[in-house]
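Asker: quick one: sequence and predicted model below, then my questions.
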Amino acid sequence: MTNTGIEAFLAVCRRKSVSKAAEELFISQSSLSTRLRTLEDELGCKLFSRGKGSRELSLTREGQVFLGLATQYRSLIKRMENVGKAPVEEHITVTVIGTVGNYVLTPVFENFTRAFPHVRLGVEVAGAEYACIHLIKGTSDIAFSTANVQTDQIFSVPFMSDPFVVIAPEDTDLCDPVPLSSLSVADEIYYSFCAEQEYWHRGVFGSDAAPKITIDLSGQLRLFVSTPGSWAVAPKTVAAALCATPGVKMLRPGFYIPDRVVYILRNRENADSEPIRSFLSVLRETLSNEDVTLLLP
């Protein structure tokens, strides 16, 4: 079975006449008839019939079935012929911890989709362990985490340094800068942003310290910190967003607390793909205008 035989069949279906189909294909009627007979011999059935007194050909039951298959075949051939002409769809999936995705990267995502509309963007929230699994499996291209991961397959580079500040109700009695001695763990709203913060907290308040409220959703932080007498420490990027509306304010710590460092994680095999390079270029350009301390080279 050849492509010329199938095209001859489809031409006769369109024109319902061997002579008209032959004109369309710029071949003789005898050549077209030969192609049709050869096709029918290969299939072992008749594809056309001509009713008495009718000059038009009509499809047999087998011909109707073959028409559907031939139409699909022609469409597939065209798609195959255009493989080298059609643009290859690009995509990038970013895995990110929630507080970085919500409070740092949102404008980056917006600018990236605007600058590269042909690249399909996916964003998922996950911690370091699952981010590494996704990077190894190839279901994620780049990840943002507070974990500095260095393995045979995954490597990380510092992305940004985010200093901690104190947040408290607008009518707080705490002064600015806040002395450590004025903070009582019994009034603290605690959310774990990174391991360094956890180590600092245990070192200052003790491993058995019991904050007033411990939460696992950063979005709840503003709600609880706005209650009288409460306080919390948070990275500056998070605090700035929480204090953008009345009710909570940001204070400088009068004591040492290590910065939160965020890392970019990538798979060594595809670390320099075109979508990743494009995303990083938008990231640098977007955040260079923000109050963010970038550590990228």
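Answerer: Received it, and whenever you're ready, just let me know what you need.
Asker: list the buried ones in the longest helix along the chain?
Answerer: Scanning the chain for the helix with the most residues, using DSSP state H, yields helix 61-81. Using 16 or more other Cβ atoms under 10 Å as the test for burial, helix 61-81 gives Gly63, Phe66, Ala70. Heads up, the C-betas are built off the backbone N, CA and C, glycines and all.
Asker: output the below-cut-off pLDDT ranges for the stretch 151-297 of the chain.
Answerer: The stretch 151-297 of the chain contains no residues with pLDDT under 70.
Asker: run the chain-centre distance for whichever helix or strand comes after the longest helix of the chain.
Answerer: With elements assigned by DSSP states H and E, the helix or strand that comes after helix 61-81 is strand 90-96. Mean-position distance between strand 90-96 and its chain equals 4 Å (Cα atoms, centre = their mean, to the nearest Å).
Asker: equivalent analysis for stretch 142-158, please.
Answerer: Relative to its chain's centre, stretch 142-158 lies at 18 Å (Cα atoms, centre = their mean).
Asker: run through who's touching that stretch.
Answerer: The contact list for stretch 142-158, computed with Cβ atoms under 8 Å, 6 or more residues apart in numbering, reads 92-97, 100-101, 105, 126-128, 131-132, 134-136, 159, 193-196, 260-269, 271, 276, 279, 295-297.
Asker: and that stretch, end to end?
Answerer: 13 Å (Cα to Cα, to the nearest Å).
Asker: stretch 145-161 too?
Answerer: Stretch 145-161 end-to-end distance (Cα to Cα) = 12 Å.
Asker: may I see the buried residues of it?
Answerer: For stretch 145-161, a neighbour-count test (16+ other Cβ under 10 Å) marks Ser145, Thr146, Ala147, Val149, Ile154, Phe155, Ser156, Phe159, Met160, Ser161 as buried.
Asker: can I get the longest helix of the chain as PDB, trimmed to CA atoms?
Answerer: Provided in PDB are the C-alpha atoms of helix 61-81 (Å, rounded to 0.1, in the frame of the first residue of the first chain):
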ATOM      1  CA  ARG A  61     -19.300  -0.300   3.400                       C
ATOM      2  CA  GLU A  62     -15.600  -1.200   3.300                       C
ATOM      3  CA  GLY A  63     -14.900   2.000   1.500                       C
ATOM      4  CA  GLN A  64     -16.500   4.000   4.200                       C
ATOM      5  CA  VAL A  65     -14.400   2.300   6.900                       C
ATOM      6  CA  PHE A  66     -11.300   2.800   4.800                       C
ATOM      7  CA  LEU A  67     -12.100   6.500   4.300                       C
ATOM      8  CA  GLY A  68     -12.000   7.200   8.000                       C
ATOM      9  CA  LEU A  69      -8.600   5.400   8.300                       C
ATOM     10  CA  ALA A  70      -7.200   7.100   5.200                       C
ATOM     11  CA  THR A  71      -8.200  10.500   6.600                       C
ATOM     12  CA  GLN A  72      -6.400   9.800   9.900                       C
ATOM     13  CA  TYR A  73      -3.400   8.500   7.900                       C
ATOM     14  CA  ARG A  74      -3.200  11.700   5.800                       C
ATOM     15  CA  SER A  75      -3.400  13.900   8.900                       C
ATOM     16  CA  LEU A  76      -0.700  11.900  10.600                       C
ATOM     17  CA  ILE A  77       1.600  12.200   7.500                       C
ATOM     18  CA  LYS A  78       1.200  16.000   7.500                       C
ATOM     19  CA  ARG A  79       2.100  16.200  11.100                       C
ATOM     20  CA  MET A  80       5.100  14.000  10.500                       C
ATOM     21  CA  GLU A  81       6.200  16.200   7.600                       C
END
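Asker: against which helices or strands is it packed?
Answerer: With contacts taken as 3 or more Cβ pairs under 8 Å, 6 or more residues apart in numbering; DSSP states H and E, helix 61-81 sits against helix 3-15.
Asker: chain center to the helix it packs on, what's the gap?
Answerer: Relative to where its chain is centred, helix 3-15 has its mean C-alpha point 45 Å off (Cα atoms, centre = their mean).
Asker: buried ones in the helix or strand following it?
Answerer: The first helix or strand that comes after helix 3-15 along the chain, using DSSP H and E, is helix 18-25. Under the neighbour-count criterion of 16+ other Cβ under 10 Å, helix 18-25 has Val18, Ala21, Ala22, Leu25 buried.
Asker: which helix or strand contains Ala168?
Answerer: Per DSSP H and E: strand 164-169 holds Ala168.
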